[in-house]
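1. heads up, no residue letters with this:
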């Protein structure tokens with residue numbers, strides 16, 4: 001089965017991987033972003049999800065059978081996140097309504113569904129791990145819930161199917177992305193190697209020794225395509241992770257070895273990357289000049305605040321994939337290979353030396 005898909009957030013870490021996957025499978029792909037980037041097989045659509053008139057103009061003439069919603073906007077408070085991100089979903093689906101073409105909408109959220117919003121990330125009472133879809137919502141405000149409710153309401157009104165996809169921390173390539181652990185760690189490792197600084201794990205003892213998992217953007221793209229075309233996956237919410245589990249005490253050494261580093265032994269002290277990298281902008285610019293790198297602005301590559309939020313959590317986070325497995329999604333991705341594949345792409349694109 002193929003059709004026409006509108007990828008919303010096509011320039012992001014998830015959207016770009018989804019656009020690549022759908023295009024490779026023969027779909028007609030349009031990619032919506034405020035500032036679209038060139039992608040093979042993708043028709044760019046420039047629009048602002050906060051501007052209904054802009055959306056109506058940009059989407060005039062488009063009749064997508066499927067939509068992938070893979071974007072959000074960060075604000076200072078959860079109340080503002082709810083207002084802005086809920087409205088963006090509503091605006092998009094309202095703008096598409098006159099075409100009456102939608103058959104399925106896939107919404108990408110994440111594990112903050114279970115952990116709570118950034119304001120209370122991993123704090124207080126959280127459900128037992130591994131997280132399972134039937135655990136439902138926390139009794140706290142959460143912009144993911146607002147996004148879901150906007151999709152559910154439009155689906156009930158307009159008659160399309162939906163799926164919700166909850167990845168853990170995503171590994172993938174997207175310069176300028178607000179949440180990008182893989183590229184952040186690549187930049188940090190490069191800084192350590194080039195300056196002789198120790199390669200220290202920045203997070204908590206729980207993350208160092210506890211179990212965790214992650215999500216390769218390419219696997220998430222396959223999951224989006226599967227759920228969008230499988231009758232059994234219609235109107236379902238899904239966790240989406242690679243399928244393996246690991247401890248950072250193992251993964252940190254794997255990443256160090258790829259960059260030719262010897263990791264500093266973890267001494268139990270939390271050393272956030274945001275503080276470690278705060279003054280590294282000029283250092284990165286010099287490294288970029290010396291090696292002829294394509295991006296001299298460290299702020300466009302690294303998002304240390306988000307990596308700190310993940311690696312500093314005081315709880316163990318693992319995710320159950322049984323629901324997808326039972327319904328037929330069996331894809332698997334070793335997470336260390338996901339990191340290595342990303343690092344190889346970053347080097348090939350002259351983003352790291």
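-> Here it is on my side, so go on. Just so it is clear, the model here is predicted, and its values are computed rather than measured.
2. so what's the residue count around residue 172?
-> By other CB atoms under 10 Å, the residues close to residue 172 number 26. To be clear about C-beta, it is placed using only N, CA and C from the backbone, and glycine gets the same treatment.
3. wait, what's in contact with it?
-> Residues in contact with residue 172 (CB atoms under 8 Å, 6 or more residues apart in numbering) are 13, 14, 16, 17, 180, 182, 216, 217, 218, 342.
4. any idea how far residue 337 is from residue 4?
-> Noted for residue 4: a distance of 32 Å to residue 337, by CB to CB, to the nearest Å.
5. please apply the same query to residue 263.
-> For residue 263, the distance to residue 337 equals 19 Å [CB to CB].
6. which of the two has more residues huddled nearby?
-> The neighbour count for residue 263 versus residue 337, taken as other CB under 10 Å, is higher for residue 263 (19 against 14).
7. contacting residues for that one?
-> By CB under 8 Å, 6+ apart, the residues touching residue 263 are 199, 200, 201, 252, 253, 256.
8. same deal with residue 18?
-> With contacts defined as CB under 8 Å, 6+ apart, the neighbours of residue 18 are 7, 10, 68, 70, 220, 221, 224, 225.
9. what's the local residue count around the residue nearest to it when sequence neighbours are not counted?
-> Using CB to CB, 6 or more residues apart in numbering and skipping the chain neighbours, the partner closest in space to residue 18 is residue 221 (4.5 Å). The number of residues packed near residue 221 is 24, by other CB under 10 Å.
10. what about the strands in the stretch 101-250 of the chain?
-> For the stretch 101-250 of the chain, applying DSSP state E, counting those that start in this stretch gives strands covering 104-108, 161-167, 170-171, 211-212, 215-216, 236-240, 246-247.
11. now these in a markdown table, with mean neighbour count and mean pLDDT?
-> What follows is the strands of the stretch 101-250 of the chain, written out as a markdown table (neighbours: other CB atoms under 10 Å; pLDDT from 0 to 100):
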| stretch | mean neighbour count | mean pLDDT |
| --- | --- | --- |
| strand 104-108 | 25 | 98 |
| strand 161-167 | 23 | 98 |
| strand 170-171 | 26 | 96 |
| strand 211-212 | 18 | 96 |
| strand 215-216 | 28 | 98 |
| strand 236-240 | 22 | 98 |
| strand 246-247 | 16 | 97 |
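12. can you say which of those is nearest to residue 321?
-> Residue 321 lies closest to strand 236-240 among those, at 5.8 Å (CB to CB).
13. what packs against that closest one?
-> strand 161-167, helix 217-229, helix 322-327 (3 or more CB pairs under 8 Å, 6 or more residues apart in numbering; DSSP states H and E).
14. just to revisit the earlier point, relative to residue 278, which of the contacts of residue 172 is nearest.
-> residue 180 (17.7 Å).
15. number of residues surrounding the closest residue to the closest one other than its chain neighbours?
-> Leaving out its chain neighbours, the residue that sits closest to residue 180 by CB to CB, 6+ apart is residue 303, at 5.2 Å. The tally of other residues near residue 303 (other CB under 10 Å) stands at 21.
16. how about residue 78?
-> 18.
17. and it, what pLDDT?
-> pLDDT recorded at residue 78 is 91.
18. same question for residue 8.
-> Predicted confidence (pLDDT) for residue 8: 97.
19. from residue 141, how far out is it?
-> In terms of CB to CB, residue 8 sits 23 Å off from residue 141.
20. between those two, who's got more neighbours?
-> Taking neighbours as other CB under 10 Å, residue 8 and residue 141 compare with residue 8 leading, 25 against 16.
21. I figured that one hits residue 92, correct?
-> Yes - here residue 8 reaches residue 92: they are 6.2 Å apart, a contact under CB atoms under 8 Å.
22. burial of residue 27, as a residue count?
-> The number of residues packed near residue 27 is 23, by other CB under 10 Å.
23. in contact with it, which residues?
-> Residues near residue 27 by CB under 8 Å, 6+ apart: 2, 3, 4, 5, 66.
24. apply 7 Å and report the result again.
-> 2, 3, 4, 5 (CB atoms under 7 Å, 6 or more residues apart in numbering).
25. what are the bridge partners for residue 212, then?
-> Beta-bridge partners for residue 212, by DSSP bridges, are residue 246, residue 317.
26. isn't it up against residue 319?
-> No - the pair residue 212 / residue 319 is not scored as a contact, 9.0 Å apart, by CB atoms under 7 Å.
27. any weak-confidence spans in this protein?
-> Scanning the chain for pLDDT under 70 picks out 118-126, 175-179.
28. ok, residue 174 to residue 293 distance?
-> Separation of residue 174 from residue 293 (CB to CB) stands at 17 Å.
29. separation between the residue nearest the centre of the chain and residue 180?
-> In the chain, the residue lying closest to the centroid (CA atoms, centre = their mean) is residue 170, at 4.5 Å. Going from residue 170 to residue 180 by CB to CB gives 8 Å.
30. pull up the overlap in contacts between those two.
-> With CB under 7 Å, 6+ apart as the test, residue 170 and residue 180 both reach residue 13.
31. list the contacts of the residue lying closest to residue 298 once chain neighbours are set aside.
-> Nearest residue to residue 298, sequence neighbours excluded (CB to CB, 6+ apart): residue 284, at 3.9 Å. By CB under 7 Å, 6+ apart, the contact set of residue 284 is 187, 191, 296, 298.
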